[in-house]
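Peer 1: requesting a structural model of the entry that follows:
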Amino acid sequence: MKKVLLAGYYGHDNLGDEAIAEALTKELKRRGYEIIMLSGDKVTSAQIYGVETYDRGKLAEIKDAIEKCDFAILGGGSLIQDVTSSYSLWYYTGIINLCRMMRKKVFIAYQGIGPISKKSNEFITRISLNGSKTLWIRDEMSINALRESGVVKPNIVLSSDAAFMLKPPSREQVNILLAKCGIKKEEGRPLIGIAPRKWGSEDKAGVFARIADEMINRFNARVVFFAFHKDRDTKYINEICGRMTNRAHIISDRFLPSEVMGMMGAMDLNIGVRLHSLLFSAKMGVPLLGISYDPKIDGFLDMLGMSPVCDYNELSKEQVMPAVSWILKNSFPVEQMTQAVEMFEKTALQAMDGILLESELA
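Peer 2: Model prediction:
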């Protein structure tokens, strides 16, 4: 049985990255491959996914993992960018080049690229990625970022996010999960999910609180906050709830990403800052409103034929509530979104086909 090394931002309690890990692990296992994973929490990742794990922060363990694998997949997320810091770009291009030094094939797939602001980082990206035969990239904005960085040698394929390969639990299982969180669907009371994040220096907790209160007061809604980063988002959500006059539900326990996807599928509307909250909602055919803090949000919504309800720095009750009101009172056009999601599922699986085919070539 061939061994595949998965490298990404796994094991850091970020539900979006864990969605990618779960999707890749399940799909590769389904196809008969054994998985090795680099993780920030190798004990937990091994327990959750049933894979062999190595510490992503220790060079010796990274080398051991590369040595044991037949090929590697640098899979998913916005890994090659310098917005958060240059370290992310240096780390992942370092993994790519280390694999090549050790004569192991490495495939860059399901990736969002950029923004890359520094010329030195563009150079590193160009040198690292031009050594690939094919790149599977998740959106047009990322493809443009690659071209602007001078990555022109590989065949660049428009793929999609690996999380589109995830399958949600059954409706019965979802209802059990919601019941554990004290949530039950009630006639005449819409369930509205919110997946916030703190971004930049502006304090938007009060704005989220006012939006949540307004939805409860105007529409008799039940508001459910989803923490996509267990520690940071949970802390921020508690701050939001502390400023509300009404009560809201919080889902912050360590559920599988596919389980959270299923729970978001039980909502009547989802409002998301987090990219994968929007992906989960789209995958489940639930109306969504995206708040943009990063070009990847705009890129994803554009692929659905949608635009953000507002930018994060312009977030206000006045910006969001008219859209909420319209969706709850009208029939949201989910057909276009559903068709797009079906295409994304197909392209995600086709990317896996392409990776595994190239892995067999000399």
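
Peer 1: CA atoms only for the host helix or strand of Gly262, dumped as PDB, please.
Peer 2: Counting by DSSP states H and E, the element that carries Gly262 is helix 257-264. Taking Å, rounded to 0.1, in the frame of the first residue of the first chain, the C-alpha atoms of helix 257-264 are listed here in PDB:
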ATOM      1  CA  PRO A 257     -15.800  19.300  10.100                       C
ATOM      2  CA  SER A 258     -18.300  17.100   8.300                       C
ATOM      3  CA  GLU A 259     -20.500  17.200  11.400                       C
ATOM      4  CA  VAL A 260     -20.300  21.000  11.600                       C
ATOM      5  CA  MET A 261     -21.200  21.100   7.900                       C
ATOM      6  CA  GLY A 262     -24.200  19.000   8.700                       C
ATOM      7  CA  MET A 263     -25.300  21.300  11.500                       C
ATOM      8  CA  MET A 264     -24.800  24.400   9.300                       C
END
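
Peer 1: outside of the helix or strand following that helix itself, list whatever touches it.
Peer 2: Scanning forward in sequence from helix 257-264 by DSSP H and E, the next helix or strand is strand 269-272. Residues from elsewhere that reach strand 269-272 (C-beta atoms under 8 Å, 6 or more residues apart in numbering): 190, 192-195, 211, 264, 277-278, 280-281, 286-291, 309, 320, 324, 327-328. Backbone N, C-alpha and C define where each C-beta goes, glycine included.

Peer 1: give me the subset of those lying in strands.
Peer 2: Among those, the ones falling in strands (DSSP state E) are Ile192, Gly193, Ile194, Ala195, Leu288, Leu289, Gly290, Ile291.

Peer 1: how close does the fourth one sit to Ile124?
Peer 2: The one in question is Ala195. Distance, Ala195 to Ile124, by C-beta to C-beta, to the nearest Å: 32 Å.

Peer 1: quick check: buried residues in the helix ranked longest in the chain?
Peer 2: The longest helix of the chain (DSSP state H) is helix 334-360. Residues of helix 334-360 classed as buried: 337, 340-341, 344-345, 347-349, 351-352, 354-356, 359 (neighbour count, 16 or more other C-beta atoms under 10 Å).

Peer 1: which one of these is nearest to Ile73?
Peer 2: Nearest to Ile73 among these, counting by C-beta to C-beta, is Ile355 at 6.4 Å.

Peer 1: so the closest one makes contact with Trp136?
Peer 2: Yes. Look at Ile355 against Trp136 with C-beta atoms under 8 Å: they come within range, at 7.1 Å.

Peer 1: spit out the residues that contact those two alike.
Peer 2: With contacts taken as C-beta under 8 Å, 6+ apart, Ile355 and Trp136 have Phe107, Ala109 as neighbours in common.

Peer 1: where exactly do the helices run in the stretch 151-300 of the chain?
Peer 2: 171-180, 205-219, 230-242, 257-264, 275-283, 295-303 (DSSP state H, counting those that start in this stretch).

Peer 1: in the stretch 51-200 of the chain, mark out all the strands, start to finish.
Peer 2: 52-55, 71-80, 105-113, 134-137, 155-158, 191-195 (DSSP state E, counting those that start in this stretch).

Peer 1: okay, those in TSV with mean neighbour count, mean pLDDT and distance to Ile176 next?
Peer 2: Shown next, in TSV, are those (neighbours: other C-beta atoms under 10 Å; pLDDT from 0 to 100; distance: least, C-beta to C-beta, whole Å):
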stretch	mean neighbour count	mean pLDDT	distance to Ile176
strand 52-55	20	99	29
strand 71-80	26	91	29
strand 105-113	25	95	30
strand 134-137	23	96	36
strand 155-158	14	94	38
strand 191-195	26	99	16
